[in-house]
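Novice: here's my sequence, what's the structure:
(2 chains)
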Amino acid sequence: MSQLSPIQIDILWKRLVTAVDEAATTLVRASFSSVIRDFHDYACALFDRRGRMLAQSTHSTPGLLGILPFTIPGFLAHPLAKELRPGDVLVTNDPWLASGHLIDVTVATPVFRGDEVVGFVLSVVHHLNMGGRLATLASRDVYEEGLKIPILRLFREGQPEEAVFEFIRANVREGGKVIGDLRAQVAANEAAARKLLDTMELAGLTELETLGDEIISRSEASMRAAIRELPPLEVHRSMQLRGVAGYEEPVTLALTVRIRDGEVELDFAGTSAQIPRAVNVTLNMTRSYSVYPLKCVLDPGIPNNEGCLRPIRILAPEGSVLNARFPAATWGRTVVAHMLPELIIQALSEVVPGRLVSGSGSTPLWYGNLAGRYRDGRTFFAVVTMNGGLGARATRDGIGAISYPANVANIPVEVIESDAPILFECKELAPEAAGAGRHRGGAGQRIVLRVPESAAEELDGTIQASIRGGRFGVPIEGLQGGLDGGIPFAELNGRPAPLGSSSELAPGDRLELVVPGGAGYGPPSERATADIERDIADELIGEEEARRLYGDRATPAAAD
Amino acid sequence: MRGNTARLGCDIGGTFTDFVLIDGETGALSVEKVLTTPADPATGIFDGVGQLERATPGFLARAATVIHGTTLVINALIERKGSRTALLTTRGFRDVLEMRDELRYDVYDLQLEFAPPLVPRRLRYEVGERVGARGQVIEPLDEAALPALLQAIRAEGVGALAVVFLHAYANPDHERRVGAWFACHAPEIAVSLSSDVLPRIKEYQRTSTTVANAYVKPRVAAYIGHLEDGLRARAFPGDLYIMQSSGGVIEAVNAKAFPVRILESGPAGGVAASRWWGTLAEEPDLLCFDMGGTTAKLCAVVGGELLVTDEYEAARHQHFKKGSGIAINVPVLDLLEIGTGGGSIARIDRLGLMKVGPQSAGAVPGPACYGRGGTEPTVTDADVVLGILDPDHFLGGEMRLHRDAALAAVAAGVGGPLGLAVEAAAGAIHDVANEDMAAAARLHLAERGQSAEGLTMVAYGGAGPVHAFGLAEKLGLRRILVPPAAGVMSALGMLVANVAVDRSRTMRRQLAAVDLAELSEALRELEADAGALLPQDQARPTRVRRTAEMRYAGQGYNVLVDLPVAADWPRFAVEDLRAAFEASYRRGFGRVYPDVAVELVNLTVALEQEPPEPWMPTLLAPADAPVETARRTSRLVHLPGREAAVCPVYDRYRLRPGHVVEGPALVEERETTVLVGPGARLEVDRYGILVITLAAGDAR
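Specialist: A predicted model of the protein is given here:
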C-alpha cells in the first residue's frame, strides 16, 4: 500500500473502531457475567501483525486501558505464536501477561488473509467465576484465587480443544455459563475479524501497518503536543493506606512525576512491597490507572490506541504492590489501583489547574456480594453497588453518587430485593459527607439494609456478605483550598463493621454504610452566594452548617 | 359514511406545521404548510385549517378524524417548560431520581455534567409505606401524613405530582390510595402514578418516566383541550387523535393521561409513512433515513413491523451521548438520531484529520451558501460545490444559494489545510458525513442483533435523498425508495398509522415457578386494561399481540417471545414457553443453553386497529412520453471517489410510471434533490415512488 489520504485514514480508522464496538456489543448482549454489563468490565481490541493496538472498544472500563496494548505482544512472545494456523484461537488468564487477575479471561484470534496473518483481535471478559475463593481480599497468593489458564489453544484450526474447555468447566462454579461466555468471546473475535477483512478488502489494503503507522503516529503526536503545553515538572507525592484487608503494615504508594520534552514519566519508586492480601497490582494494571487520568486531563477525545501511550513512561519497582511478582494475590487490585488517578491528579495540580478533579468518595470501588441458600435448596447471589460523590472540578461542583474512576452501574434496589431476602431501609444522597469549597464535592450515599425477621422462615443459615470499600485512612483531599470529603462509615447493628472481609448476616441484622462525598475545590470563602443559597434550597446543606462553612453571608434562601 | 368524510393529519415541526388532508369524497390528497407558531402551536394549526377551508370549503365539518403530532412534550423537557412538579416516594428513596444509574456517560470527560433533575430535592417528599418484591405489604401506608404533604406542596405552588413507591409494579395499592386521596382533596393537582405510567421493575427508570409524565401533564392537557375547543368551534364533529412515539395513534383523552407517550410523535409519523410506502412497494424490511438540517434519523422496520424500544432517553445533555438524558421507558420507535445534517460543520481536528459535526451551523447563520454570514464549510456547502444541489433551484427556487460562498468556505476550511482541490474537499465532506451515518447505523443495528443486509432504504427529509445513495452504498443496501410527498412525510404518517395501545407489567418468575393460570389471568387483565384505552364507540377488528420478555437467569438482555392469544391458551404448556424462548434466543444469538434456567420478566399486551379508511394513493397514469420530456437540464457533478460527469437533471413532477433513469443523474423536487449514483437505475412505480436499484457489488 502506498500512501493513504487523510480522508481514507479517517474513514478506515472509524471502521476499525466500529468493528470492535460492534463485536463488543454482541458480547455484552450475550453475556451471563453481570460484571460485563454493569461494570463495563470487558473490551474488544484490534492489532496489526506486529502486535500494535490500533483500536479498542469505546465503552470499556478504564481498567483495561493500559493492559490491552501489552497483551498481544505477550502472546507473540509465546512459542504457540510461531505456529498459528487459520482457525486457531488462543486463551489465557495469566494476570501478568494479560489483565491482572484470574477472573479476566483474554481470548485472542489471529486474523488470516489467505495464509498470512495480517493482525489480531482479542476480547477480555471479567467472568462470573474462575474457581477459588469467593470475592475476598484475604487470599495470600494467586493459587487461592482459582484456576490459572496459561497461554493455550482454545481452538485448533476451527475445532474446539475440548480438553481445555473441560478443564475449565471442571474448575469453576456455574460452568455452563462460564463456557457460554468464553464461546461468546470467540464469536465476538470472529465478528471483529470478519469486519476487519471486509474493511481491508474494500479499501484494497493488503496489510495494516501503513494504516497503523498513521493512527499511531497521529495519536502519539497529539498526546505529545498536549504534554508540550505543560511546563517542565518534577514533583513527588505519596499516600499511605492503613489496614488494607486487615493487613497490619501500612502500604505506601509513592510517585514522582517528571514532565519534559513532550513526555511524562510516572515513577513509583518508593512504593511498598507486595503484601500477602489480594490487593496486589500487576504492572499492566498499574499502567491502566496511570494512563487513564493523563488521557482524561491531556487528550480525552482520541480513541485509545498504542500511540496515545507512547509518550508516557511508567516505572514501578518489581516486587512492589504496583508491580507485583508471581505468585501475588491480585483479585481485589482495584483497592490499590483506583487510588492512582487521585494520586496522579494531585501531583499535576500545579500544571493543569483548570482540568482537575478533587478526591472522590467513590474511590476506590465500593462493592458487595450477598450470597446464601434457601431452605428449599435454591441459592441466591446478589450484587450491591454503591458510589460516593465525585470531587469538585476546577470550574464546577462534583456530582452526587457517581462512579469514579471505575464506571459501575447501580444495581436497582428492586432487583436486589427480588434476588435475595434483603430489605433496604434507604438508598439516598448523603450530602453532609461532601467537602465544601468554591466548588463543592458531590454528595455521598447512605445505604441501610437489613435481613427482615420474616426471612428466618425461608433462609437456610445466614447470608454471607462481602462488602468492599473504604479509604484505608487516606483522606479525600480537596484541591486548591477545597475542604476534604467525608469519612467512610460502616456499622453492623450499631457496631463498626469491617470492610473488605466477609461477615454473616442473620435475620434482624442491620447494616448501615455511608460512601463519602467528594472533596471541594478552591476555598469555601470563594463560593458564590447564589450557589450556597441553592444548596440550602435543595436541602443539601442546613442553614447553620452553611454559616459555619461559608460565613454569615449565607442567608436563608427564598423559594426559587 | 365512507366517501363523504375527510381526515386530516397535522404535524408540528420546528419550522413548519404540515397538513395532509384526505377528502373521502374525491379521494384527493391536499397538502398545506404554514409557519409554526411556537408561542401557541395551536394558532398555526388553526391558520392551516383556515387555508385548507378556502381550498376545500366545509371539509372540517365532515372530518371524521384529526390526527396530530406535536413537539410540545419534547420541547417542554428540553426547554424545561413543564409544571412545577413534586415527587412522593417511599421513605428513604427520594434521591433515586437524582442518583440515576450512577454511571458517567463519558469515561474520559472529567468535566461532565447532568441537567438538574426535573424535580429539585426540596420538592421530593417521602411517606411511610413499604411493599416488598412479591407485592407483600411490609409497612402500611401512612395516610395520615397526606394532609400535611398537601399543605406543603400547595405552599410551594406545585401543579403536578408524581407518586413512585418501591415495588409498585407488584402491588399498586398504596400508590392508588394516594392517587384517590388527591383526586378527592386536591383535584387541581395533576397526579401521575408509577403503577399506571410504567408498572415495571427498576426504580430509577420508573421514577424518571413517571416524573417526566407528571412534569408535562398539565401543559399537554391544556394544549389538547385548547385544540379540541378550537376545532369544535370550527364545526369539527369527529375525533381528535394524537400520534405516539411508538408509531401508533391514541385518542386525545389518553394522550392527556400519558403525555410521555407522545414525545417523539413527529419522527414516528415519518416512520409510519415509510412503512406504508414500503407496504405499497412490497418492501417489508426497511431502513428509514430522514436527514435534515441538524440531525439524521435512522430506524429499521422488519417484516412490516415497527421496532420499538422501551429504553429511551429524552433531552440528552451532550452531543447525543447515551446516558446523559432523561430516562423514559415507554414504547418509542427504536430510532437512532445522530448529529449529522446539512448544517454540520467540517473542521480539521488536532490529528490533522477532517471531522464533520457535531457542531452545526443551524438555521442561523446556516451553511455558508445561505449567505447569512456563515463562513465554515458545511455538508450543504459541499453538496453545492459538488453540483448535486442547484443554487438556483433550492426549495423550488424560493431560496437562492451562494455557490461562491460555498466554494470559498470549503476551500478555506478543508481544501487548503488538506491540500485538496475544492471539489475533492467537498467530496471528502460528503463522504465522511455518509461514513459517520453508516458507522452509527451499523452499531445501532448490531446492538439490536440485526444487520443492514437485505434492508431497503426509504429516504426523506431535505438532505435524505441527497445522501441516500452514498449511505446505501456504504451499508451494502440494494434499493432505495424515495416516496412522493416526502416534504410532509410525518403528517401523512398520522393518516396511515394504526390506532395502537399497550399495557405492560413486570412479572418476574423463574420458568419453573410459573403458574400458567396466574400468567393467563395477568394477560387477561392487561388485555382488558389496554382495551379500555381503545376508542369505545367503534368496534373494529383488533389485532392482539401478547408478548413476554424473557431471559436466561443471569443475563441482562431480554428476548421478546410471542405468547398465544387467549383462545389458544388451553393447549399451551410451560415447556412450550421454554421452547418459544429458545427459538427467539437462537434467532438472536445463534445458540441456546439447555442447562441454564430461564426466567420471565415482563408481560405486554398490545392492541392495534387499522385506520377506518386506509388511504391509497391514486394510481398514476403510465408514461405516454419518453423520459427525456421530464429532463430539465444537465450539469457537471463531482461524485466522491469518482470521475466528474455531466448528469442529466430531471423534474420529479414530470416523471411518470414506467420512466427509467440510469445513473448518474439527478432528480429535483421542491424540497430535495435525489442523487442517482453511477451504476444505479431509477424506476418510477405506479404510485410515483422513485425506486432506485444500486448496481450489484460490495459495500463501499
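
Novice: is chain A contacted by stretch B:194-208?
Specialist: Yes - contact of stretch B:194-208 with chain A (CB under 8 Å from any CB of the partner chain) involves B:201-204. Where you see a C-beta, it was placed from the backbone N, CA and C, and this is true even at glycine.

Novice: quick one: pLDDT of residue B:383?
Specialist: Listed pLDDT for residue B:383 reads 97.

Novice: from memory it sits against residue B:389, does it?
Specialist: Yes - using CB atoms under 8 Å, residue B:383 is in contact with residue B:389, at 4.7 Å.

Novice: can you name the residues that contact residue 422?
Specialist: Because you didn't say which chain, this covers chain A. Residue A:422 sits next to A:370, A:382, A:416, A:449-451, A:463 when contact means CB atoms under 8 Å, 6 or more residues apart in numbering or on different chains.

Novice: wait, I meant chain B there
Specialist: B:385, B:407, B:410-411, B:415.

Novice: show me those that map onto strands.
Specialist: Cross-referencing the contacts of residue B:422 against strands under DSSP state E gives no overlap.

Novice: list the buried ones in stretch A:288-308?
Specialist: Neighbour-count burial for stretch A:288-308, with 16 or more other CB atoms under 10 Å in any protein chain shown as criterion, is recorded at A:288-300, A:302-308.

Novice: next: stretch B:662-676.
Specialist: Going by neighbour count (16+ other CB under 10 Å), the buried part of stretch B:662-676 is B:663-669, B:671-676.

Novice: sort out for me which of those are in helices.
Specialist: Members of those lying in helices (criterion: DSSP state H): none.

Novice: check contacts around the closest residue to chain A within chain B.
Specialist: In chain B, the residue that lies nearest chain A is residue B:92 (2.9 Å; CB to the nearest CB). Applying CB under 8 Å, 6+ apart, one finds that residue B:92 lies in contact with A:424-428, A:448, B:126.

Novice: is residue A:41 in contact with residue A:59, as I believe?
Specialist: No - counting by CB under 8 Å, residue A:41 does not reach residue A:59; the two are 10.9 Å apart.

Novice: more crowded one of these two?
Specialist: residue A:41 (24 against 17; other CB atoms under 10 Å in any protein chain shown).

Novice: the residue lying farthest from the centre of chain B and residue B:168: what is the separation?
Specialist: Relative to the mean C-alpha coordinate of chain B, counting by CA atoms, centre = their mean, the farthest residue is residue B:144 (43.5 Å). Going from residue B:144 to residue B:168 by CB to CB, to the nearest Å gives 20 Å.

Novice: how far off centre is the longest helix seen in chain A?
Specialist: Of all segments of type helix in chain A, defined using DSSP H, the longest is helix A:175-203. Helix A:175-203 sits 23 Å away from the centroid of its parent chain (CA atoms, centre = their mean, to the nearest Å).

Novice: just checking, what packs against it?
Specialist: helix A:6-30, strand A:42-48, strand A:89-92, strand A:104-113, strand A:116-126, strand A:152-156, helix A:162-171 (3 or more CB pairs under 8 Å, 6 or more residues apart in numbering or on different chains; DSSP states H and E).

Novice: sheet partners, orientation included, of the fourth one?
Specialist: Taking DSSP bridges as the criterion, strand A:104-113 pairs within the sheet with strand A:89-92 (antiparallel), strand A:116-126 (antiparallel).

Novice: low-confidence ranges, the chain, go.
Specialist: No chain was given, so I picked chain A. A:1-2, A:553-560 (pLDDT under 70).

Novice: my bad, chain B
Specialist: B:1-4, B:318-319, B:537-538, B:614, B:697-700.

Novice: could you redo the last one with a cut-off of 50?
Specialist: The model of chain B has pLDDT under 50 over residues B:1-3.

Novice: that older thread, from the buried residues of stretch B:662-676, which ones fall inside strands?
Specialist: Checking the buried residues of stretch B:662-676 against DSSP E, those in strands are B:665-668, B:673-676.

Novice: great, nothing more from me.
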